[in-house]
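Engineer: have a look; sequence and predicted model below, questions after that.
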Amino acid sequence: MDNRELIEKAKEAMKNSYSPYSNFKVGACLLCSDGTTFTGCNIENASFGGTNCAERTAIFKAVSEGYRDFSKIAVVGSGNDLTFPCGICLQVMAEFMIDGEVVLEDNNSNIKTFKVRELIPYAFNL
């Protein structure tokens with residue numbers, strides 16, 4: 001699956017966002033090494049600590065189904081530019097896909113890719 005297809009699946013997932021507090025919708029599409037994809041959206045909660053980001057939703061769905069080998073994740077948001085993963089999401093990515101890529105789209109439909117290691121160069125590892 002190419003990066004454009006991943007971005008489009010992430011946009012589709014973003015439609016399911018539950019974001020009544022921030023009004024900032026996020027969607028993600030995770031690509032497993034075997035070609036399987038999992039999507040996720042952000043899910044907010046009045047107790048902000050109970051909020052879950054789109055990236056973690058997709059990763060946790062995959063892990064809960066027995067998948068552990070991920071190559072890329074596409075992330076899109078309803079803002080005006082690139083939507084980078086937050087620190088918690090990056091740490092989860094470091095746990096499951098440290099050698100993977102993060103695929104983002106800017107407001108001009110240009111796709112940019114980053115290595116997870118680039119975005120969290122000093123990830124916490126045991």
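Structural biologist: Yep, that arrived.
Engineer: wait, Leu90 sits on Lys115?
Structural biologist: No: contact criterion Cβ atoms under 8 Å: Leu90 and Lys115 do not qualify, at 11.4 Å. All C-beta atoms are positioned from the backbone trio N, CA, C, and that covers glycine.
Engineer: out of the two, which sits in the busier spot?
Structural biologist: Leu90 (17 against 13; other Cβ atoms under 10 Å).
Engineer: need the three-state assignment for that one.
Structural biologist: Here Leu90 takes the helix state, with states given by DSSP: H, G, I helix; E, B strand; the rest coil.
Engineer: please, where are all the strands along the chain?
Structural biologist: In the chain, the strands defined using DSSP state E lie at 26-32, 37-41, 70-77, 101-105, 111-115.
Engineer: and the angle for the last one with strand 70-77?
Structural biologist: So that's strand 111-115. Orientation check (axes from the mean of the first three to the mean of the last three Cα atoms, to 10 degrees): strand 111-115 against strand 70-77 gives 130 degrees.
Engineer: please write out the alpha-carbon positions of strand 111-115 in PDB.
Structural biologist: Output of strand 111-115 as PDB, limited to C-alpha atoms (Å, rounded to 0.1, in the frame of the first residue of the first chain):
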ATOM      1  CA  ILE A 111       3.100  14.000   1.700                       C
ATOM      2  CA  LYS A 112       6.000  14.000   4.000                       C
ATOM      3  CA  THR A 113       7.600  11.000   5.800                       C
ATOM      4  CA  PHE A 114       9.700  10.900   8.900                       C
ATOM      5  CA  LYS A 115      11.400   8.000  10.600                       C
END
